[in-house]
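[1] need coordinates for the below:
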Amino acid sequence: MNGVSAAVTLRCVGTGDAFGSGGRLNSCFHLSMPGGALLIDCGCSSLIGLQRCGLSAGEISTVIVSHLHGDHFGGIPFLLLEGKYASRRQRPLTLVGPEGLQDQVEAALDALYPGTGDDGFDFEVEYLTLKPREFMALDPFTVQAWPVKHGRSKHVYGLRIEAGDKTISYTGDSEWTEQLIPLAENSDLLIAECFAYDSQVPAHLDYQTLLTQRRRLACRRLVLTHMGPEVLRHLENLDIEFVNDGDSIVV
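    Residues are numbered from 1 along each chain as shown. Got it, this is the predicted structure:
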């Protein structure tokens, strides 16, 4: 960390699973501090969530994607179109994610709105590829990707993001793996997916496992997201904090 103290705010734009359980939007978190704002994941409903939160898509300089599933990156084509046709964006946009992100985004854009990307954009779009455990400077943030396990999916990462003197970690989608221990270590905030309640669902975390492993997750604050129907039915009984669409956390 660089030791600079600054106000860091996390806005929970979308905290749902892939199926919109409980009426929640797809995964998307807006992280801001003086000097910049980025999105952590950008699921299909992210533009809707940003509007509901009163956040400007045009002020986002960077999107970091944990893995290439639609509820985590599927909003990027809409973000590009919003910049091209609605806000007339001029600010460059940096898209950061696993290997294959550019191909997937361009294929999705062409499938949803054929030909709209053929003549390019009036703003620069830069794609950067995450490398396991390597630090990437994205002024004023620094990101580090940690390999996690999401079924048979390849290039799936948890993310550690340094913002001034704060560290925000995010599991992305992952079943339990020992990689979550160093991912969480000394984090000011860990955002953990929790799709299931008391059954171990392949490719995802469950509440009982997180409760059992809580002491090993050496973070100052832990919040749950990406909750499926079973977890949502138990919200009143959870002993771990959870987030809702629209929540704001000062880190």
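
[2] do a quick rundown of the helices in the chain.
    46-52, 70-73, 76-81, 101-112, 180-184, 207-213, 229-232 (DSSP state H).

[3] now those helices in a markdown table, with mean pLDDT, distance to residue 38 and mean neighbour count?
    For the C-beta atoms, the positions are set from N, CA and C on the backbone; glycine is no exception. Written out in a markdown table, the entries for those read as follows (pLDDT from 0 to 100; distance: least, C-beta to C-beta, whole Å; neighbours: other C-beta atoms under 10 Å):
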| stretch | mean pLDDT | distance to residue 38 | mean neighbour count |
| --- | --- | --- | --- |
| helix 46-52 | 98 | 12 | 21 |
| helix 70-73 | 98 | 14 | 23 |
| helix 76-81 | 98 | 12 | 22 |
| helix 101-112 | 97 | 15 | 16 |
| helix 180-184 | 98 | 18 | 21 |
| helix 207-213 | 97 | 26 | 17 |
| helix 229-232 | 97 | 27 | 17 |
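
[4] among the ones you listed, which comes closest to residue 146?
    When these are compared for distance to residue 146 using C-beta to C-beta, the nearest one is helix 180-184, at 4.5 Å.

[5] output the contacting helices and strands for that closest one.
    Taking 3 or more C-beta pairs under 8 Å, 6 or more residues apart in numbering; DSSP states H and E as contact, the helices and strands that helix 180-184 lies on are strand 157-163, strand 189-193.

[6] CA atoms only for the last one, dumped as PDB, please.
    What that stands for is strand 189-193. Below are the C-alpha coordinates for strand 189-193, written out as PDB (Å, rounded to 0.1, in the frame of the first residue of the first chain):
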ATOM      1  CA  LEU A 189     -13.200  -5.200   3.500                       C
ATOM      2  CA  LEU A 190     -13.800  -8.600   2.000                       C
ATOM      3  CA  ILE A 191     -16.800  -9.000  -0.300                       C
ATOM      4  CA  ALA A 192     -17.700 -12.700  -0.500                       C
ATOM      5  CA  GLU A 193     -20.100 -14.400  -2.700                       C
END
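
[7] quick check: angle from it to strand 157-163?
    Note on geometry: by axes from the mean of the first three to the mean of the last three C-alpha atoms, to 10 degrees, strand 189-193 and strand 157-163 are set 160 degrees apart in direction.

[8] mind listing the strands for the stretch 1-150 of the chain?
    Secondary structure of the stretch 1-150 of the chain (DSSP state E, counting those that start in this stretch): strands located at 9-14, 28-33, 36-42, 62-64, 93-97, 125-129, 135-138, 141-147.

[9] strand partners of the shortest one, parallel vs antiparallel please.
    Applying DSSP bridges, strand 62-64 is found paired with strand 36-42 (parallel), strand 93-97 (parallel).
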